[in-house]
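Show me the folded form of this:
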Amino acid sequence: MRIFSFYHSQSVIYFINYKNQISMFPSKLYIYLLFNLLIVFSSAAQYKVLIHSHNDYHQMVPFYQAYAQQLDSYEADVYYDEQMQQLLVAHDKADILALNTLENLYILPIVKQYRAHGGKAWQASSKSFYLLIDIKEKHPQLIQSLLKLLQAYPDVFDKAKNAYAPTIVLTGSCPSPDEFEMYPSILYFDGRPNLNYTPQQLSRIAFISDSFRSYSVWNGKGSIKPAEKQRLMSVIEKVHKQNCKIRFWASPDNVNSWQIFRNMGVDIINTDKPELCAAFFKNEAKNNFHFSNVANALYDSIKTDRLDKTTGSFKGFSNTDVPARPIAVYQPTGKNDGANEIPLNIILLIGDGMGVAQLSAADLVNGGLTMSKMNFIGLQRTQPKGSFITDSAGAGSALATGVQTNNRHIATTSTGEANVSLTELMYLNDKRCGIVTNGNIADATPAAFYAHVSERDESDSITAFLLQRKLWFLAGCGESVITKRKDGLDLNKKLMNNYNLYQSIADSIRPNYPSIIIDEALAEATTTHNLTLLATTTRKAIQQLDNEKGFFLMVEGAKIDYAGHANSVPNCITEMLGFDLAVKEALEFADRNGQTLVVVSGDHETGGLTIIDGNTAEGRITGLFTSDDHTPVFLPVFAYGPGAQYFTGLYDNTSVFSKICRFIYLK
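Numbers count the residues shown, from 1 in each chain. Next comes the predicted model:
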């Protein structure tokens with residue numbers, strides 16, 4: 001749904017779209033345009049695609065398989081058997097089996113479920129469904145036999161007695177429109193777009209169907225030819241003008257086609273894959289991102305169970321609103337980019353859970369990202385020691401120490417010995433060191449840059465390393481890991497001997513003095529309201545760290561990972577945009593400073609994201625997750641500034657450490 005703004009001056013209306021692009025219209029069009037836009041918004045907000053289980057009797061368990069997914073329509077091809085005087089379900093006569101009666105496969109199961117649920121299709125549900133009877137051969141007894149079956153259960157099938165009754169729809173070799181009134185109102189009919197119906201006849205039409213092959217030869221791969229799409233759009237518009245729903249049979253049946261049909265306005269999706277199709281549309285809000293000027297309640301609540309102990313208190317992605325428009329993208333000047341010089345400062349930004357697909361999705365829907373403007377690009381592998389797929393402890397430790405270690409280990413060997421980290425090496429070289437995260441300060445990735453423990457859940461042991469005062473600046477959430485300790489240590493009091501402690505990013509910070517900010521606002525999901533929070537924190541960190549001897553800063557975008565675990569595309573994109581704004585801060589400083597190397601990568605990919613549809617001009621994108629866990633795919637590595645040229649190629653994640661280390665001892 002696209003949202004627009006209006007204001008007018010004398011005889012001109014200024015029409016502002018979501019990208020702040022302005023068009024002008026005569027004032028006399030204002031009311032007309034506004035009225036029609038309101039209709040569009042209302043329709044878009046209420047529009048819901050329906051799912052039709054095509055040839056449902058071919059499923060392993062007819063009716064029940066699709067019914068379990070709460071589908072909206074079920075199709076049964078029916079013959080009348082004179083000898084048995086029964087309605088038999090089959091696609092062809094050769095497939096007829098005596099046991100497969102319409103009564104056994106559909107009527108009795110429907111009656112059973114309705115009576116079990118108090119006269120409704122599903123418990124506590126006001127929705128019902130269509131039962132489409134495809135009459136394979138015209139026979140005078142067929143419809144009468146069907147009516148006899150239905151009228152035996154008026155409490156289920158008669159809408160005059162049950163408002164939740166299923167809608168029985170006849171199609172195939174069914175009566176002509178001028179015969180509709182000859183049949184009881186319990187029966188409805190499947191219309192055709194090429195027929196002209198009277199208002200009375202139209203009242204008996206449940207929906208309108210046609211063969212997809214009459215308009216297009218598209219097989220579901222790629223996109224529909226423009227001319228064919230126009231023919232389809234014309235018939236869809238024609239049907240909608242009759243206030244009817246439209247369905248196409250003989251249509252492509254895959255994720256790509258479902259999405260395209262949905263966007264075109266097809267009301268009823270034909271499918272032979274009821275479970276897959278139902279899952280796709282059930283998660284529609286989680287699969288789609290679009291820039292919007294209105295706060296969107298995307299879903300009631302998503303709080304993944306795949307987070308670890310220190311992040312388990314995350315409140316989830318609830319009533320999340322996405323950004324109204326694309327974020328600003330910074331074009332680096334190229335100052336000293338790839339220069340054969342030793343950088344004074346190094347900023348490493350880690351998008352936790354950020355793989356190529358997350359990067360692609362955010363870049364495409366936003367029309368570009370700041371990190372995409374970095375010219376030196378490589379790829380890293382992420383396998384830890386002893387496993388095929390890494391966790392954040394194993395991956396964060398590899399980036400921080402250059403040593404491959406086991407999952408759950410924080411910058412230690414498998415036997416618990418400490419592996420020296422970048423932070424410690426920078427500290428020994430008189431550089432100020434900082435860590436920023438919009439997650440918990442004791443979580444695996446930030447912890448790998450200042451602590452050494454064999455178990456990532458040991459937050460007491462992790463945060464005790466802060467007492468070594470090797471950090472000049474630390475910002476993140478996690479008040480509980482400092483105050484609610486099992487070891488009884490009054491960490492707050494001890495930290496105050498070495499740091500100034502703050503509770504808000506907005507606080508004024510004493511310059512040139514070690515600082516720790518524990519701000520619980522950093523624990524919240526990124527939304528349009530706090531989209532710049534990580535960037536603001538990054539800017540504050542750079543201000544505190546900047547000095548003549550140089551600094552090292554690690555910035556983590558933690559919740560790209562959370563969104564992947566939650567399988568939420570809108571939150572994934574929003575977290576990516578917030579992270580890219582932090583990258584923008586780093587590159588802007590690098591251009592001002594001229595002696596700063598900026599490296600951007602991830603620690604692992606989360607969720608197995610794939611992109612299936614989108615439109616940059618409309619600011620929307622659709623993706624699907626194949627997992628709710630980490631995956632082993634390669635990750636992008638971007639570099640900018642002096643020494644950036646060393647980060648191209650394909651290498652293990654441990655090489656990020658070694659490539660940075662080449663600049664430490666050369667001064």
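
secondary structure class for Tyr330?
Classification of Tyr330 using DSSP: H, G, I helix; E, B strand; the rest coil returns coil.

Could you verify my assumption that it touches Leu587?
Yes. Using CB atoms under 8 Å, Tyr330 is in contact with Leu587, at 5.7 Å. All C-beta atoms are positioned from the backbone trio N, CA, C, and that covers glycine.

At which residues are the strands of the stretch 351-500 of the chain located?
Along the stretch 351-500 of the chain, counting by DSSP state E, counting those that start in this stretch, strands occupy 376-381, 432-440, 473-477, 500-502.

circling back to that earlier point, tell me, what's touching Tyr330 and Leu587 both at once?
370, 373 (CB atoms under 8 Å, 6 or more residues apart in numbering).

closest to Gly488 out of the strands of the stretch 351-500 of the chain?
Among the strands of the stretch 351-500 of the chain, the nearest to Gly488 by CB to CB is strand 500-502 (19.3 Å).

Neighbour count for Tyr330 and Leu587, which is higher?
Just comparing Tyr330 and Leu587: by other CB atoms under 10 Å the higher neighbour count belongs to Leu587, 27 against 19.

Let me have the strands of the stretch 351-500 of the chain in a markdown table, adding distance to Gly351, mean neighbour count and mean pLDDT as columns.
Shown next, in a markdown table, are the strands of the stretch 351-500 of the chain (distance: least, CB to CB, whole Å; neighbours: other CB atoms under 10 Å; pLDDT from 0 to 100):
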| stretch | distance to Gly351 | mean neighbour count | mean pLDDT |
| --- | --- | --- | --- |
| strand 376-381 | 12 | 18 | 98 |
| strand 432-440 | 11 | 27 | 98 |
| strand 473-477 | 15 | 26 | 98 |
| strand 500-502 | 25 | 16 | 97 |
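
will you turn the ones you listed into a markdown table that also has distance to Val61?
Listed next are the strands of the stretch 351-500 of the chain as a markdown table, based on distance: least, CB to CB, whole Å:
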| stretch | distance to Val61 |
| --- | --- |
| strand 376-381 | 44 |
| strand 432-440 | 45 |
| strand 473-477 | 48 |
| strand 500-502 | 61 |
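
how about the nearest residue to Leu545, chain neighbours excluded?
In space, and not counting its chain neighbours, Leu545 is closest to Phe551: 3.8 Å by CB to CB, 6 or more residues apart in numbering.

residue boundaries of the helices in the stretch 201-350 of the chain?
Along the stretch 201-350 of the chain, counting by DSSP state H, counting those that start in this stretch, helices occupy 226-241, 255-264, 274-282, 284-287.

Next, the angle strand 376-381 makes with the longest strand that the chain contains.
Counting residues, the longest strand found in the chain (DSSP state E) is strand 596-606. With axes from the mean of the first three to the mean of the last three CA atoms, to 10 degrees applied, the angle from strand 596-606 to strand 376-381 works out at 40 degrees.

And strand 596-606, how far out from the chain middle?
Strand 596-606 sits 21 Å away from the centroid of its parent chain (CA atoms, centre = their mean, to the nearest Å).

Let's see that strand as PDB, backbone CA atoms only.
What follows is strand 596-606, C-alpha atoms only, in PDB (Å, rounded to 0.1, in the frame of the first residue of the first chain):
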ATOM      1  CA  THR A 596      41.000   5.600   8.800                       C
ATOM      2  CA  LEU A 597      40.400   2.100   7.500                       C
ATOM      3  CA  VAL A 598      36.800   1.000   7.600                       C
ATOM      4  CA  VAL A 599      35.900  -2.800   7.300                       C
ATOM      5  CA  VAL A 600      32.300  -4.000   7.100                       C
ATOM      6  CA  SER A 601      31.300  -7.700   7.300                       C
ATOM      7  CA  GLY A 602      29.100 -10.100   9.200                       C
ATOM      8  CA  ASP A 603      29.900 -13.000  11.600                       C
ATOM      9  CA  HIS A 604      27.500 -15.500  10.000                       C
ATOM     10  CA  GLU A 605      24.200 -15.500   8.000                       C
ATOM     11  CA  THR A 606      21.000 -16.200   9.800                       C
END
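
by contact count, what packs against that strand?
strand 345-353, helix 356-366, helix 392-401, helix 559-565, helix 569-593, strand 630-631, strand 635-640, helix 654-661 (3 or more CB pairs under 8 Å, 6 or more residues apart in numbering; DSSP states H and E).

Nearest residue to Gly394 in space, ignoring adjacent ones along the chain?
Nearest to Gly394 is Pro384, by CB to CB, 6+ apart, at 3.2 Å.

oh, I was asking about Tyr153
Tyr153 sits nearest to Val111 (CB to CB, 6+ apart), 5.1 Å away.

looking at the helices of the stretch 201-350 of the chain, which is closest to Gly416?
Nearest of the helices of the stretch 201-350 of the chain (CB to CB): helix 284-287, 40.3 Å.

low-confidence ranges in the stretch 1-150 of the chain?
Residues of the stretch 1-150 of the chain meeting the criterion pLDDT under 70: 1-47.

Let me see the ranges of the strands in it.
5-9, 12-16, 22-26, 50-53, 73-81, 86-89, 130-135.

Kindly calculate the angle that the last one makes with strand 73-81.
In terms of direction (the same axes, to 10 degrees), strand 130-135 departs from strand 73-81 by 30 degrees.

Give me the sheet partners of strand 130-135 and which way each runs.
strand 73-81 (parallel), strand 167-172 (parallel) (DSSP bridges).

before we move on, the earlier item: among the helices of the stretch 201-350 of the chain, show the one with the smallest mean pLDDT.
Ranked by mean pLDDT, the helices of the stretch 201-350 of the chain end with helix 284-287 at the bottom, a mean of 89.

And that helix, what's buried?
Across helix 284-287, burial judged by 16 or more other CB atoms under 10 Å covers 285-287.

And for stretch 108-119?
Neighbour count says stretch 108-119 has 109-111, 113-114 buried, by 16+ other CB under 10 Å.

mind listing which of these are in helices?
109-111, 113-114 (DSSP state H).

residue ranges with poor pLDDT in the stretch 351-500 of the chain?
In the stretch 351-500 of the chain, no residues with pLDDT under 70.

which residue sits closest to Arg485, ignoring its sequence neighbours?
Spatially, and ignoring its direct neighbours in sequence, Arg485 is nearest to Asp460 (5.1 Å; CB to CB, 6+ apart).

any idea how far the one you found lies from Ala160?
Separation of Asp460 from Ala160 (CB to CB, to the nearest Å) stands at 69 Å.

Looking at the two now, which is surrounded by more residues?
Per other CB under 10 Å, whichever of Asp460 and Ala160 has more neighbours is Asp460, with 18 against 9.

and this structure, what are its domains?
Following automatic domain parsing, one gets these domains for the chain: 5-46, 50-282, 336-388+419-446+467-489+500-661.

can I assume the residue nearest to Tyr153 is in contact with Leu150?
No. Assessed by CB under 8 Å, Val111 is found out of contact with Leu150, at 10.1 Å.

And the pLDDT for the residue most central in space within the chain?
With distances taken as CA atoms, centre = their mean, Val569 lies nearest the centre of the chain, 1.2 Å away. Val569 carries a pLDDT score of 95 in this model.

Surely Leu624 is within a strand?
Yes. According to three-state DSSP, Leu624 belongs to a strand.
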